[in-house]
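In: Just the structure for this:
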Amino acid sequence: MDVRDSASVKDAVAYIVKKEGHLDILVNNAGVGIGGTVEDTSTEMAKALFDTNFFGICRVLQEVLPVMRRQPEGLIINMSSIGGIIGLPCQGIYSASKFAVEGLSEALYKELSLSAIKVVLIEPGDFKTEFTANRQNVKAKHNADNFQRTMDVIENDEQNGQPPFKIAYLIERIINTPRPRLRYAVGAPDQKLSIVLKKILPNRWFDRIIMSYYQLK
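Out: Coordinates of the predicted model:
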């Protein structure tokens, strides 16, 4: 389905329900990226990214939830990112979309708490996929050298990231867990550690670590 197209989403869900009679698991995985500063990224590009990363999830949820309520159970897995917890430099619009997915999923988790429909967030670090090659990159108008150094770090981490089947195994484990928790971080140990550090360190200290890592100081 094309998650940007309500008719496409409606047709896909209707096809599955007609063919199978039920819809047990939804994995909201569609996502796109932008490499660029907030200043240099046009509003039109930002809207297009949100149309997939956030509103795409909303469209699918609004078609799938009525089906799951009639069953009356199901499992929803929303794909977030470490960038939905930590605002990543030169990926600000992408991070914003994933922060939105985090907030949406938290609210949905509470709204469905009295039902048998479970909501889970997966928060991956860097994995080696086609995401890097398909990212839209915006030409930097200011501090182009700094921007390129940061993007080099980002792309190196992605291309040397872990294999995506690790996420597939996690999804399988979540499916077979009777009472899954809301959040699951997955990725390299240092990336998972960064999530913990953000919770316990003063903001200034943590931000210095992140800026240093991305060669912004």
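In: Is it correct that Ile122 is in contact with Leu170?
Out: Yes - if you go by C-beta atoms under 8 Å, Ile122 and Leu170 touch, sitting 6.6 Å apart. C-beta here means a position set from N, CA and C on the backbone, and glycine is covered the same way.
In: Okay, Ile57 and Lys198: tell me how far apart.
Out: 24 Å (C-beta to C-beta, to the nearest Å).
In: no wait, Thr132
Out: Thr132 is 24 Å from Lys198, by C-beta to C-beta.
In: on that earlier part again, any shared contact partners between Ile122 and Leu170?
Out: Between them, Ile122 and Leu170 share these contacting residues under C-beta atoms under 8 Å, 6 or more residues apart in numbering: Tyr184, Val186.
In: For the residue most central in space within the chain, grab phi and psi.
Out: In the chain, the residue lying closest to the centroid (C-alpha atoms, centre = their mean) is Ser80, at 2.4 Å. The phi/psi pair for Ser80 (degrees, to the nearest 10) reads phi -100, psi -140.
In: and what of Ala12?
Out: phi -70, psi -50.
In: quick revisit: for Ile122 and Leu170, indicate the residue with more neighbours.
Out: Ile122 (21 against 17; other C-beta atoms under 10 Å).
In: would you say the more buried one is within a strand?
Out: Yes - if the criterion is DSSP: H, G, I helix; E, B strand; the rest coil, then Ile122 is within a strand.
In: Fine by me, thanks again.
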